[in-house]
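[1] I'll drop the sequence and a predicted model, then ask my questions.
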Amino acid sequence: EVQLVESGGGLVQPGGSLRLSCAASGFTFGSYDMSWVRQTPGKGPEWVSSINSGGYSTYYADSVKGRFTISRDNAENTLYLQMNSLKPEDTAVYYCTTGDSSTWYRTENYWGQGTQVTVSS
């Protein structure tokens with residue numbers, strides 16, 4: 001059974017940091033490009049960042065560039081998102097998914113259940 005399980009979300013003050021994790025199982029994680037996507041109520045999903053299967057190419061939305069860092073550990077089948085200098089507008093449910101910056105939205109991709117990030121004082 002394919003599973004993507006996100007963790008690490010929570011409540012943080014503006015300017016703070018969080019590290020999200022996404023534990024993968026049931027498929028060959030190291031063969032897939034991976035992405036982080038976020039969604040707020042009433043809005044469509046927003047692509048945040050992608051990393052290629054080998055972990056040596058990364059891509060970011062302009063809204064998070066310079067503040068977020070995506071990484072992966074293929075030996076541990078885990079995807080990460082280090083989020084620094086968090087802003088209230090980063091508040092969303094964050095999902096990990098297979099796919100790159102141009103294919104993340106496909107319904108056939110594997111998706112996690114999401115983890116809530118709330119940035120508020």
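    Received, thanks. Numbers count the residues shown, from 1 in each chain.
[2] which intervals of the protein have sub-threshold pLDDT?
    Across the chain, nothing is flagged by pLDDT under 70.
[3] any idea whether the residue nearest the centre of the chain is helix, strand or coil?
    Nearest to the geometric centre of the chain sits Trp36, at 2.6 Å (CA atoms, centre = their mean). With DSSP: H, G, I helix; E, B strand; the rest coil as the basis, Trp36 sits in strand.
[4] and it, what does it touch?
    Applying CB atoms under 8 Å, 6 or more residues apart in numbering to Trp36 gives the contacts Leu20, Cys22, Val48, Ser49, Ser50, Ile70, Leu79, Leu81, Tyr94, Tyr95, Cys96, Thr97. Yep, even glycine has a C-beta here, placed from its N, CA and C like the rest.
[5] now Cys96: how far from Pro14?
    Per CB to CB, to the nearest Å, Cys96 is found 24 Å from Pro14.
[6] what does Val119 give?
    Counting by CB to CB, the gap from Val119 to Pro14 is 6 Å.
[7] From Ser57, how far off is the spatially closest residue to Gly15 that is not a sequence neighbour?
    Spatial nearest neighbour of Gly15, chain neighbours left out: Ser85 (6.1 Å); criterion: CB to CB, 6 or more residues apart in numbering. For Ser85, the distance to Ser57 (CB to CB) stands at 23 Å.
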